[in-house]
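> return atomic coordinates for the entry below.
(chains A, B, C and D, ligands or ions: 4)
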Amino acid sequence: MAEHTATAAGTAPAPPPAAPPGEAATTSRRRPDGEWFRRNGVYLGLVALVLVNLAITPNFASTGSLRLQMVQVAPIIVVSLGMAMVIGTGGIDLSVGAVMAMTAAVIPLYIGYGTLGAIAVGLIAGVLSGALAGSVVARIGVQPIIATLAIMVGLRGLANIVGGQIKSIRDPGFRELGSGDLFGVPWVVLVAIVVAVLVWVLMSRTTFGRQLMAIGGNARASQLAGLPVKRVLTTVYVLSGLLAALAGVLLVGRNQASDPATLGRLVELTAITAVVVGGTPLTGGQVRVLGTVAGALLMQLITYTLVAQDITNSVAQMVQAVIVVLAVYAQVGTRKRRRSRA
Amino acid sequence: GETDAPAAAASSGDGGAQTTKSASAPAGEGCTLEKYGLEAIDLKGAKVGFSQSEPDTAAFRAAETQSIKDEAAKIGVGELLVTNANAQLTKQISDIQDLLNQGAQALIVAPVNSDGLDPALAAAKAKGVPVLTIDRKVTNTACSDYLAFIGSDFEEQGKRAADAMATATGGPAKVAILLGSSGNNVTDLRTSGFVDQVEAEYPELEIVAQQTGDFERAKGQSVAEQLLQSNPDINAIYAENDEMGLGAVQAVLSAGKQPGTDVKIVSIDGTRNAVQALVDGQYNGVIESNPRFGPLAFSTLQDFMDGKEIPEDIIIEDDEYTPDNAEAELANAF
Amino acid sequence: MLTVSGVTKSFAGVHALRGVDFTLEPGSVHALVGENGAGKSTFIKVLTGVHAADAGEVRFLGDPVAFSRPADAQDAGISTIYQEINLVPLLTVAQNIYLGREPRRFGLVDTRALNRQAAELVQRLGIEVDVRAELGSLGLGVQQMVALARAVSIDARVVIMDEPTSSLEVREVETLFGVARTLAASGVGLVFVSHRLDELWALCDTVTVLRDGRAVHTGPMADLERVKLVALMLGREVSDVRAEGTTDFGASHAQGDAPLLSVSGVDVPNRLRGVGLTARPGEVVGLGGLLGSGRSETLKAIYGDLTTTAADVEVGGTKVKAGSVSRSLRAGIALLSEDRKAEGIVPDMSVRDNIALAVLPKMARGGMVSDARIDALVDTFMRRLQIKASSPRQKVRELSGGNQQKVLIARWLATEPRVFLLDEPTRGIDVGAKREVQGLIDELADQGLAVVLVSSEMDELVEGSDRVVVLHDGAVSGELDGDRLTSAELLRVLAGGIPDEHPTGPPPGPGTGANAVGTHPTTPGGDHRG
Amino acid sequence: MSTIETTPQAAGTDATARRLKFVQRVQRQGALAVLVLLCLVASFQFDSFATGPNIRSIGLQASFLAVIALGMTFVIFTGGIDLSVGSVFALGGVLAAWAAQEYGTLAAIVVPLVVCGAIGLVQGLVIAYGKLAPFIVTLAGLLFARGLLLFISDEGATVNKVPADSGFRNLAQGSLLGIPYPIWIVVVFFGLGALVLHRTSFGPTVLAIGGQEDAADLMGLPVARTKVITYTASGLLAGFAGVLIASYTSSGVAIIGVGTELQAISAVVLGGTLLAGGAGTIFGTLVGVLLLQVIANVINQVGSLNSNWQDLVSGGILLAVVVLQRYLAGTVRR
Ligand SMILES: Nc1ncnc2c1ncn2[C@@H]1O[C@H](COP(=O)(O)OP(=O)(O)OP(=O)(O)O)[C@@H](O)[C@H]1O
Ligand SMILES: Nc1ncnc2c1ncn2[C@@H]1O[C@H](COP(=O)(O)OP(=O)(O)OP(=O)(O)O)[C@@H](O)[C@H]1O
Ligand SMILES: [Mg+2]
Ligand SMILES: [Mg+2]
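Ligands and ions are numbered 1, 2, ... in the order given. A predicted model of the protein is given here:
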């Protein structure tokens, strides 16, 4: 399956064409070497953690448990996928948490226009914030981390001003979104799945995806190759904002409440971790969609395990730190031998 | 303190005025102008500074700030300077220094933390400005570093929560605790109060899990969900603030159980939403933590200026909302 | 002093070196030649501890060594100039030269001494450059010379140079040779890699030929006939090599009448002054000039990559809006940039995607790329240009320098340009490939493209072009065509001599090259910016 | 984190090299200009701004962040980032207070430095030899240090006070020529920082790694060692900032330092350092720190501007400044 994740190395599901010219075209199939780990480390980690839980966590092997994990991780997956695309361009988006808050803030104000109306407004808020970040980064050339950091601070404040204190959402539409399901699959999960598929297609099948990764790989060269660098960059941040907003919508549904002050706090770090653990390099040029999903699941399982074992907060944090490093190390560890290339 | 516990609109005017529980200072032991070494000032027309600890997005904070502002207006304070430390100790220190630099003649401080305000307090002392701390007690010396403390007894709140829980379960129960944020002494006190009381009085209550919900509704919900999943026979949840309690309600619902009956829920604060839940039967008890410090704070300052003796601790009487009185008392909730 | 036996190295799927033996004598200049991808750079990287050898032994001054980091090799007395310039753009020339070995005073770096020593060194090496200038602001040529200065400043027993001359022109090559000879005279052993064969006889005494990772020949340079050498490199018979010439340019090209590309009055603040040129369909117009004369700038300006204060570019009579790369592309202009690493390849992308990069939209239906189409396209070009890669999915960074260059040429040909601007197209590619490229240039011209060719190689320029426009100091200083298009004449004009019907021109004298080097606002660094 | 616009290296020879210097100066001055402007406006607007005490407290407040930001600057020079500083800062504080209480002044300085240095060292080793992304490693460091801190203060319940008589208090509360020690310390540290950057081979090496790691490696520079040293130094400095805060607040507070890493990063970037690495200035960082502190101070001067507006404003100003810098730089770009 890892084969199917989009990478700058342009993986198509089809096997590469017949041996090209040059006798060098001998063995190029992947043996379980560093590269292989890079691609699959996160899945191994995931499997390992599942096994651990099956062993130690009471009634882990239940549909209820599965459902809970999925429902809780869904919003994280959605944000992380947006983040993954931004990171693919070599950028980063710290504003996602604040965007979620902003979305949560506007929903109660427009709930009058019905569920969909409110959702639409919420998403627009995300798009606008993304557009701001995008143009500041792409057109003015401010470094992504600082641009999005500023937006993160300001937007959170704005969200609080607009939204005020926490408000319970009694709207049936949101209740359905948060707790209802279709053919036994919770809506939030469905949304996450759809988003994942769309992003995967976008990254591995479309011009946009290829251009995005080229820009992440060498912006200057991409520009000389006539790629619409600025447009692509801007779009990426808009998408990130949109997905963050969508995650916000899902959470409002889950919580039956809108709380701009706390919603999505520190989610940017969780998302980045999920992306990196998923095997997408922070240097850009690659986007591992499936890996990102797996990474988010991994983070979710870690926290669940720690809570289920009733580990105290302090220890939990330390354990989490160690696991994260190990997870990433599993991927890069074997790559060490490959020396830096001139 | 019971931070991040927002609720419906923060009005402080209606109901729930604070009443002191233990304020009587044995003669000669209270704090006076002489002891504190100050000149009396007339609060009317004076510049008074209020340093709030956490964002007003929390219902408790909103109500607290509001009540201070209202009272200041009421008694005709010259100018009320308000700062908010956004839960950052260092910011509160500079906030207080800023207030002093701006010429505040008296300070009301809601400390971010019990320790570490020393430099700020020292600055106030140097300027001969009395500091009245509310809702959280600092570990410095009363009547020297600061004037006095007005607030609730958080440990007591924990104890009363345990009592309420026992009443609610009326027998054996497996209890999960949703802790407040770590490193926060309100969390510690509300935990120890509850735990000690349970050990002392209610052996039939078994505490099966203690996980932090950071005083947030969403976090409270997801942690509660995880606890209920991994430990299905949990049938009582003690949340150290209303927000986490309301989160727990959602969690219980999404676990397909009935909050208030299948799983008993008790929390501390007395926000409108929680009391409403109590009215709706989804909740089993709310211990109040009264945020309306305005009147008591200013009257205390006034007494002090009038030369009266001020005791070190002015502990306020917190109400309790039960399924029975909830409906009637709803108006008092903030 | 340096003996290598049976060194083997292979990367995922690629056997770069298969049991190479090699011996370097003190005081000798040892040529290391071979096709692109033969394994020269890899060999050097194994020697100096960049890569760890899979098998084999390296002995330095008698005892076996296995450097784990370039630092170790350097400390041991082996200093290296790697193929792609490896200096720090944001630091000054002086800092780059002495990085890690700065002169100290009271334990602190003595900046004044640093600059003084650096200045003396570059002076001694005859490099005209301000040592306080940021390296990144200098031209590839200059940077290359700074790399040389650094290599020399480390008084080493062995100096290895991987294609040091590829971005130098005549004047500087001479300087470099001078330095090399002095070193050799002082008993230092040198390893010299170059694809410019003439240089080998000019400088080297011994030669080792690599082919497909094997050392197929070692012997005295002088005894080796040029054709024989080429035959060894390509693994072909001397006879059929002799059949073909050295450069592969045909005589002259069928030329249309109306200019396909006409450029006039290109101004770039303190870079270019009213540069203009025309190229007719099927015509190859050479662009000559000393380093820093503005050749690359001119191409970039035409391509719309440099913001010009004034420029009139027309393709097929229709004006192209200046300052927009995408418009130029749409108008049918393509630019093969001289800086492969910074402005060309996307290193971590596959050969395939690098080739398709500029034409992705064409390869797509409704935004969805058709891999079938791309594979077809890529396949054609990989065959046509003989690109040597383990598979179309190999990362470009893993290709040899020359093959990377071919990938880029493929990228641009895929855009089916009408006007092809080539900046040092054969830089760093082997004789075989070079001929292919040169042949390609002809072929393209014959197909009616207008080609503008920048090359620092005299004969390539002379033989390859129908007409040569000479730049000096950012302005056109002369033009050669017909029978006046000879190396001698070109040299004269380059040196600042005035061709008869061009009364205007820069003052002659050795100063000119220097001042070009010394006073030209330039860009590779700047080019990294939007 | 590369954008299309990377380093300002447009330029060629002397003329343009000078232009380049100008670009960098402007980028730095971008922050300085805003800072000066802000100060001017503030001093006209609020008479309590340009007063000795206020300036003094601004400097004092800024000093803690300044120390942290200094380490961050070098880390960013190498093209890396250190997210752990906030937690390490808090950890250092708690350790210092504890040690001061148990063993006295010397220990109060040594113990935190040892522990925090060790954390930095480990991070450095993992980054340099494990070849893991600094972002993720130090993110884990952030979690770990905070966890460790809560662990040793059992979930923040126990708080250590610096004994009233302890000389350790002097470190941050004492002053020389009316200027608090921390400010002196900052001046000295930044002086040393500049010295290291410009007058040792460590400086250029750090920049080389940030600019072109491969190249640095091929040039035979000690890449790994330099990185390790840099992250260790960052840990040490964050720890020392903790020592200062402990001395300043006379106590070890578990809740400080949250989000400090982001403040430090903003300060560095405001100072004109490129997150891409390879270029920047020490002095700029100092300006960045001051800018942040002054913004906060001015917001307080404005009076009862509630915490949300504070966020909105500081976010807005931050964005404005970085955009301004780009434009200033842009005017000189070709
Ligand atoms: N890091 C790497 N990973 C995989 N393959 C590599 C790597 N480096 C080199 N190769 C392969 O090893 C072979 C030799 O490459 P090398 O760079 O040594 O050739 P070269 O002789 O230097 O060619 P050129 O003259 O073009 O520089 C090539 O086939 C190349 O694709
Ligand atoms: N002497 C120099 N000083 C500064 N920059 C130079 C110098 N020579 C070349 N450059 C830079 O190198 C690139 C090529 O140089 P330029 O275009 O000015 O002349 P050129 O004839 O193309 O030189 P080259 O032979 O290196 O291509 C340009 O981007 C230019 O900025
Ligand atoms: Mg090579
Ligand atoms: Mg050029």
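> for the chain, what spans make up the strands?
All of this is about chain A. Using DSSP state E, the strands found in chain A span residues A:167-168, A:181-182, A:185-186, A:257-258.
> hm, I was asking about chain D
D:175-176, D:179-180.
> closest to residue C:392 out of these?
strand D:179-180 (65.5 Å; CB to CB). C-beta: built from backbone N, CA, C; applies to glycine.
> how about that closest one and chain B, any contact?
No. Strand D:179-180 lies apart from chain B when judged by CB under 8 Å from any CB of the partner chain; the minimum separation is 10.0 Å.
> which residues in the stretch 101-250 of chain A form helices?
All helices of the stretch 101-250 of chain A, identified by DSSP state H, counting those that start in this stretch, fall at A:114-138, A:144-163, A:172-179, A:187-205, A:207-217, A:219-224, A:229-255.
> now mean neighbour count, distance to chain D and mean pLDDT too, for the ones you listed, in TSV please.
Below are those laid out as TSV (neighbours: other CB atoms under 10 Å in any protein chain shown; distance: least, CB to the nearest CB, whole Å; pLDDT from 0 to 100):
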stretch	mean neighbour count	distance to chain D	mean pLDDT
helix A:114-138	22	6	95
helix A:144-163	26	2	92
helix A:172-179	18	24	90
helix A:187-205	19	19	95
helix A:207-217	27	8	93
helix A:219-224	25	4	91
helix A:229-255	27	5	95
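> ok, which of the ones you listed comes nearest ligand 1?
With CB to the nearest ligand atom as the measure, helix A:207-217 is the member of the helices of the stretch 101-250 of chain A nearest ligand 1 (16.1 Å).
> tabulate the helices of the stretch 101-250 of chain A (JSON lines), appending distance to residue C:28.
What follows is the helices of the stretch 101-250 of chain A, written out as JSON lines (distance: least, CB to CB, whole Å):
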{"stretch": "helix A:114-138", "distance to residue C:28": "54"}
{"stretch": "helix A:144-163", "distance to residue C:28": "53"}
{"stretch": "helix A:172-179", "distance to residue C:28": "79"}
{"stretch": "helix A:187-205", "distance to residue C:28": "54"}
{"stretch": "helix A:207-217", "distance to residue C:28": "42"}
{"stretch": "helix A:219-224", "distance to residue C:28": "40"}
{"stretch": "helix A:229-255", "distance to residue C:28": "49"}
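> show me the contacts for residue C:98.
C:114, C:117, C:118, C:150, C:153 (CB atoms under 8 Å, 6 or more residues apart in numbering or on different chains).
> could you check how far the fourth one is from ligand 2?
This means residue C:150. 18 Å (CB to the nearest ligand atom, to the nearest Å).
> give me the number of residues near that residue?
24 (other CB atoms under 10 Å in any protein chain shown).
> what do you get for the first one?
The local packing of residue C:114 (other CB under 10 Å) involves 22 other residues.
> can you check my assumption that it lies in a helix?
Yes. Checked against DSSP: H, G, I helix; E, B strand; the rest coil, residue C:114 lies within a helix.
> who does the closest residue to residue A:108 other than its chain neighbours bridge with?
In space, and not counting its chain neighbours, residue A:108 is closest to residue A:167: 4.6 Å by CB to CB, 6 or more residues apart in numbering or on different chains. Assessed by DSSP bridges, residue A:167 has beta-bridge partners residue A:258.
> per-residue pLDDT, residue A:167?
Looking at residue A:167, its pLDDT stands at 87.
> ok, it - how many residues close by?
Considering only other CB under 10 Å, residue A:167 is surrounded by 23 other residues.
> surely residue D:220 and residue C:78 touch.
No. Using CB atoms under 8 Å, residue D:220 is not in contact with residue C:78, being 9.9 Å away.
> any idea how far the most centrally placed residue in chain A lies from chain D?
Nearest to the geometric centre of chain A sits residue A:80, at 1.0 Å (CA atoms, centre = their mean). Taking CB to the nearest CB, to the nearest Å as the measure, residue A:80 falls 14 Å from chain D.
> what do you get for residue B:18?
23 Å.
> for that residue, which residues are in contact?
Contacts of residue B:18 by CB under 8 Å, 6+ apart are B:290, B:292, B:293, B:295, B:296, B:316, B:317.
> surely the third one and residue B:134 touch.
To tie it back to what came earlier, the one meant is residue B:293. Yes. Proximity of residue B:293 to residue B:134 meets the contact threshold set by CB under 8 Å, at 4.5 Å.
> which neighbours do those two have in common?
B:64, B:108, B:150, B:151.
> so what's the spatially closest residue to residue D:184 that is not a sequence neighbour bridging to?
Closest residue in space to residue D:184, ignoring its immediate chain neighbours: residue D:176 at 6.1 Å, by CB to CB, 6+ apart. When bridges are called by DSSP bridges, residue D:176 pairs up with residue D:179.
> how many residues are close by residue D:176?
For residue D:176, using other CB under 10 Å, the count is 9.
> the one 10 residues further on now?
One way to gauge burial is a neighbour count; for residue D:186, by other CB under 10 Å, it gives 25.
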